[in-house]
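S.K.: pasting the sequence and the predicted coordinates here, then a few questions.
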There are 2 protein chains.
Amino acid sequence: MTRVRPLAAAALLMVAPPAVAANGGGPGEIVAAAPTAAWAAIDPADLLILDLASGGRVVIQLAPLFAPAHVANIRALARAGWFDGTSVNRVQDDYVVQWGDATGKKALPPTVKAPLPAEYDRPAAGLAVRRLGYVDPYAPVTGFVDGWPVAGDGKRAWLTHCYAMVGVGRDMPPDVGTGAELYAVIGQAPRHLDRNIALVGRVIDGIEALSALPRGTADLGFYAQAKERVPIARVRVAADLPAGERPAYQVMRGDAPAFAGYVQARANRMDAFFVRPAAGADICNVPVPVRRAP
Amino acid sequence: MTRVRPLAAAALLMVAPPAVAANGGGPGEIVAAAPTAAWAAIDPADLLILDLASGGRVVIQLAPLFAPAHVANIRALARAGWFDGTSVNRVQDDYVVQWGDATGKKALPPTVKAPLPAEYDRPAAGLAVRRLGYVDPYAPVTGFVDGWPVAGDGKRAWLTHCYAMVGVGRDMPPDVGTGAELYAVIGQAPRHLDRNIALVGRVIDGIEALSALPRGTADLGFYAQAKERVPIARVRVAADLPAGERPAYQVMRGDAPAFAGYVQARANRMDAFFVRPAAGADICNVPVPVRRAP
């Protein structure tokens, strides 16, 4: 087997565009060099483990800071085993992958509450926002709170619909969903959905198990036939797993010097591949670094 | 087989987020209702047809207005049958799919020129820019030129790295590539690549044949083993095909009232699903409508 060597000297073995992990002071190098103090452990109570029957594993970090009622429901659904045997039912290219009970008839466990508050946004008061520092077409301010991409207007703050963010399916207003129907973003950030749907977390590992699924051919990217649906074996909260089976992840701290360097490097690529740094960045083009605990 | 009904009345059959084709004056309805005069035919000399050996077909619109030298090379490569038997070699999640000659040893036909001018941007003079009208973190101005998403600073203009845009692989500077190695964006717009690589077109049909491919597990998303590569059967310019085999596409005209309505609706979703219009839009979240000629 011949392995293609990226960035090889031979002119025809060209690689473009480069990955984040480029040579010469790129964002990837900064993240790799960040000291232990730059990382914070993610609470295993905030980790949702979704195992597809096919063997793919998707790890989701929940965001109780922004959607506490929906997150409580999602934990309750996982603890009741409610998602087990449901399926991925919708894959719309450049948009979302959505999963839940395709029949719409599976009773919710009594620990799940409804109706819930909307949780499309929350008070900005009490949040320490690390501002990104560049304009945004959707909001007066963007930045990071506790490792999350956020937007705000001074009074309210909300999570932004970036790639891999996870939201709560709902019907027409005033319905706000329960958390039993979830989706993940797999394309250009659909920021027009910000403040219209409750975002509850993000995929931090294994998104390719969702994003590389066959696209659905029915309206809205739903699978046209039941046999196309992708079965979900089980969904669990990591904290509920035996210690030996519990995966551990860390997120880069927003107050770490390495994070400041990372943001700066994302907005001003100086690696050898680049001829013209952008001098700007979109909140969804600066994904907060996450890693498995070493 | 049970088909899930989107936006059904039953509360558990919820669908969120909605597709572009939503009810109640959404962008999809505006596009569907646009009159014939709102559409312009795409020149078949600007249509590149990429057929995977698996049967998938990807249709790319070329952009000679922005990268004439690279587009001339790509047409020459297609006309020489050079891409036939090459492969998709790299699929990096939330970034790019890249194809070309994995061996790096396939000689280019004599009709292909090298080295080429960079074509990372071009003079703004002579271009009629239909401004989007919202701020952008990467450029002073964004908008549309002849159906293409562009950014500019008053003196220069350039195509933007939106989802499905196609660019030219290159090695380290001063290399600018030949057009023999191409990539398509399959994630959040990597706008930091703007003005660092020549963009030459966009996928207008069949992107799912690329975006749903398995992700590569080697560095930069390259396939680790040769057998994982996805063979390309042939690449042709539509104008070179017999008339009966030639697909025909149309792009919405930038000066059409329907286009103004579409942009307005993308930035201010008023369909029944939405509770809070964004009052803003990113250039890459307003894809220019394209359709097969009716």
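M.R.: Great, that's in hand.
S.K.: does chain B sit close to the helix or strand residue A:97 falls within?
M.R.: Using DSSP states H and E, residue A:97 maps to strand A:96-100. Yes. Counting by Cβ under 8 Å from any Cβ of the partner chain, chain B is contacted by strand A:96-100 at A:96, A:98. Placement of C-beta: from N, CA and C, glycine included.
S.K.: who touches that strand?
M.R.: A:50, A:83, A:86-91, A:169, A:180-187, A:190, A:210-211, A:213, A:221, A:230, A:232, B:15-17 (Cβ atoms under 8 Å, 6 or more residues apart in numbering or on different chains).
S.K.: neighbouring strands for that strand, and are they parallel or not?
M.R.: Strand A:96-100 has these partner strands in its sheet, going by DSSP bridges: strand A:87-92 (antiparallel), strand A:182-185 (antiparallel).
S.K.: now do the same for it: mean pLDDT, whole number.
M.R.: Averaged across strand A:96-100, the pLDDT comes to 98.
S.K.: gap between the following helix or strand past it and the chain center?
M.R.: The first helix or strand that comes after strand A:96-100 along the chain, using DSSP H and E, is strand A:122-123. Remark: strand A:122-123 is offset 20 Å from the chain centroid, using Cα atoms, centre = their mean, to the nearest Å.
S.K.: what is the rounded mean pLDDT of strand A:122-123?
M.R.: Averaged over strand A:122-123, pLDDT sits at 98.
S.K.: in CSV: the strands paired with strand A:96-100, plus distance to residue B:152, mean pLDDT and mean neighbour count.
M.R.: Output for the strands paired with strand A:96-100, formatted as CSV (distance: least, Cβ to Cβ, whole Å; pLDDT from 0 to 100; neighbours: other Cβ atoms under 10 Å in any protein chain shown):
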stretch, distance to residue B:152, mean pLDDT, mean neighbour count
strand A:87-92, 31, 98, 24
strand A:182-185, 28, 98, 27
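S.K.: could you dump these to a markdown table with distance to residue B:101?
M.R.: Below are those laid out as a markdown table (distance: least, Cβ to Cβ, whole Å):
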| stretch | distance to residue B:101 |
| --- | --- |
| strand A:87-92 | 31 |
| strand A:182-185 | 34 |
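S.K.: with just CA atoms, put the strand holding residue A:97 into PDB.
M.R.: In PDB, the C-alpha atoms belonging to strand A:96-100 read as follows (Å, rounded to 0.1, in the frame of the first residue of the first chain):
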ATOM      1  CA  VAL A  96     -28.300  18.200   9.700                       C
ATOM      2  CA  VAL A  97     -28.400  14.600  10.800                       C
ATOM      3  CA  GLN A  98     -31.400  13.900  13.000                       C
ATOM      4  CA  TRP A  99     -32.300  11.000  15.200                       C
ATOM      5  CA  GLY A 100     -35.100   9.800  17.500                       C
END
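S.K.: hmm, back to that, which one, of the strands paired with strand A:96-100, ends up nearest to residue A:144?
M.R.: strand A:182-185 (17.5 Å; Cβ to Cβ).
S.K.: who does the helix or strand that that closest one is followed by pair up with?
M.R.: Using DSSP H and E, the helix or strand that follows strand A:182-185 in sequence is strand A:199-205. When pairing is defined by DSSP bridges, strand A:199-205 lines up against strand A:57-62 (antiparallel), strand A:165-168 (antiparallel).
S.K.: who's in contact with strand A:199-205?
M.R.: Applying Cβ under 8 Å, 6+ apart, the external contacts of strand A:199-205 come out as A:42, A:46, A:48, A:57-63, A:66-67, A:70-71, A:74, A:148, A:158-162, A:164-168, A:179, A:182, A:184, A:210, A:247, A:249, A:251, A:290, A:292.
S.K.: before we move on, what about stretch A:31-44?
M.R.: For stretch A:31-44, contacts defined as Cβ under 8 Å, 6+ apart pick out A:20-21, A:61, A:147, A:204, A:237-239, A:241, A:246, A:248-253, A:256-259, A:262, A:289-291, A:293.
S.K.: of the residues you listed, buried ones?
M.R.: A:20, A:61, A:147, A:204, A:237-238, A:249-253, A:256, A:258-259, A:262, A:289-291 (16 or more other Cβ atoms under 10 Å in any protein chain shown).
S.K.: verify the contact between residue A:47 and residue A:245 for me.
M.R.: No. With contact defined as Cβ atoms under 8 Å, residue A:47 does not count as touching residue A:245 (11.9 Å).
S.K.: more crowded one of these two?
M.R.: Comparing residue A:47 with residue A:245 by other Cβ atoms under 10 Å in any protein chain shown, the one with more neighbours is residue A:47, at 23 against 9.
S.K.: who is the residue lying closest to residue A:42 once chain neighbours are set aside paired with across the strands?
M.R.: Nearest residue to residue A:42, sequence neighbours excluded (Cβ to Cβ, 6 or more residues apart in numbering or on different chains): residue A:249, at 4.6 Å. Judged by DSSP bridges, the bridge partners of residue A:249 are residue A:292.
S.K.: contacts only, for residue A:249.
M.R.: A:41, A:42, A:47, A:59, A:61, A:204, A:205, A:290, A:291, A:292, A:293.
S.K.: columns pLDDT and distance to residue A:280 on top of those residues, output as TSV?
M.R.: Formatted as TSV, these follow (pLDDT from 0 to 100; distance: Cβ to Cβ, whole Å):
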residue	pLDDT	distance to residue A:280
A:41	98	32
A:42	98	29
A:47	98	33
A:59	98	31
A:61	98	27
A:204	98	26
A:205	98	29
A:290	98	23
A:291	98	26
A:292	98	31
A:293	97	33
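S.K.: pick the one among those closest to chain B.
M.R.: Nearest to chain B, judged by Cβ to the nearest Cβ, of those is residue A:205 at 11.4 Å.
S.K.: number of nearby residues for residue A:272?
M.R.: Burial of residue A:272 is recorded as 15 neighbouring residues (other Cβ under 10 Å).
S.K.: ok but it is inside a strand, no?
M.R.: No. Looking at residue A:272 with DSSP: H, G, I helix; E, B strand; the rest coil, it is coil, so not inside a strand.
S.K.: chain B versus that one, what's the distance?
M.R.: According to Cβ to the nearest Cβ, to the nearest Å, residue A:272 and chain B sit 6 Å apart.
S.K.: now do the same for residue A:16: its pLDDT.
M.R.: On the pLDDT scale, residue A:16 gets 58.
S.K.: nope, residue A:6 is what I meant
M.R.: Note on residue A:6: pLDDT of 29.
S.K.: my guess is residue A:190 contacts residue A:94. True?
M.R.: No. Using Cβ under 8 Å as the test, residue A:190 is too far from residue A:94 to be in contact (9.0 Å).
S.K.: compare these two (neighbour count), which wins?
M.R.: For residue A:190 versus residue A:94, the count of surrounding residues by other Cβ under 10 Å is larger for residue A:190: 24 against 21.
S.K.: contacts only, for the residue nearest to the more buried one when sequence neighbours are not counted.
M.R.: Closest residue in space to residue A:190, ignoring its immediate chain neighbours: residue A:161 at 5.0 Å, by Cβ to Cβ, 6+ apart. By Cβ under 8 Å, 6+ apart, residue A:161 lies in contact with A:167, A:185, A:189, A:190, A:191, A:193, A:194, A:199, A:284.
S.K.: want to throw those into a markdown table with distance to residue A:103?
M.R.: Compiled in a markdown table, these are given as follows (distance: Cβ to Cβ, whole Å):
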| residue | distance to residue A:103 |
| --- | --- |
| A:167 | 21 |
| A:185 | 25 |
| A:189 | 31 |
| A:190 | 27 |
| A:191 | 32 |
| A:193 | 26 |
| A:194 | 30 |
| A:199 | 26 |
| A:284 | 34 |
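S.K.: most neighbours out of the residues you listed, which is it?
M.R.: In terms of neighbours by other Cβ under 10 Å, the contacts of residue A:161 top out with residue A:185 at 31 neighbours.
S.K.: list the beta-bridge partners for that one.
M.R.: Per DSSP bridges, the residues bridged to residue A:185 are residue A:96.
S.K.: would you agree it is in contact with residue A:159?
M.R.: No. Under the criterion of Cβ under 8 Å, residue A:185 is not in contact with residue A:159, lying 11.1 Å apart.
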